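K.L.:
Below are the sequence and a predicted model for it; my questions follow.
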Amino acid sequence: MRTNIDIDDAVLDAAMKAGPYKTKKDAVEAGLKLLARQAHYREVLRWEGKLQWDADTDGRDSAAAPLAGEPAVPLSTGSAAATGALQAHEPSRKRRDAGR
């Protein structure tokens, strides 16, 4: 979509230097993508502590399984990208003695 906007030259120059952007369009699109990604992260963080994450032995995740006496909580936040972000942000569990 073609749009004419007035952008502060100093801010745009700083953004273009901060990344490998050759055009103003590239820098603006990267900024917009960053804002959208941050919104997805905030949505994912709203679920912190509200899901039980338990991997089945066959490799499938049973994250939507409710705790005893609790209603099922849907894993989807209404966005496939947010669900993917949830899976991507699960902390890795490394053993402390792995290097010994």
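P.N.:
Cool, got the structure. Residues are numbered from 1 along each chain as shown.

K.L.:
Counting neighbours, which bits of stretch 20-30 end up buried?
P.N.:
For stretch 20-30, the neighbour count (16 or more other C-beta atoms under 10 Å) marks 21, 27-28, 30 as buried. Every C-beta, even on glycine, is put in place using the N, C-alpha and C of the backbone.

K.L.:
Tell me which of those residues fall in helices.
P.N.:
Using DSSP state H, the members of the buried residues of stretch 20-30 that fall in helices are 27-28, 30.

K.L.:
quick revisit: farthest pair within the buried residues of stretch 20-30?
P.N.:
The span of the buried residues of stretch 20-30, defined through C-beta to C-beta, is set by Tyr21 and Val28 at 8.8 Å.

K.L.:
Overlap in contacts, these two.
P.N.:
Residues touching both Tyr21 and Val28 (C-beta atoms under 8 Å, 6 or more residues apart in numbering): Ala15.

K.L.:
follow-up on the earlier one: among the buried residues of stretch 20-30, which one lies nearest to His40?
P.N.:
For the buried residues of stretch 20-30, the residue nearest His40 by C-beta to C-beta is Ala30; the value is 15.7 Å.

K.L.:
How about the closest one, nearest residue that isn't a chain neighbour?
P.N.:
Once flanking residues are discounted, Ala30 sits nearest to Gly19: 5.9 Å by C-beta to C-beta, 6 or more residues apart in numbering.

K.L.:
Could you measure from that neighbour over to Glu48?
P.N.:
Plainly put, Gly19 is 29 Å away from Glu48 if you go by C-beta to C-beta, to the nearest Å.
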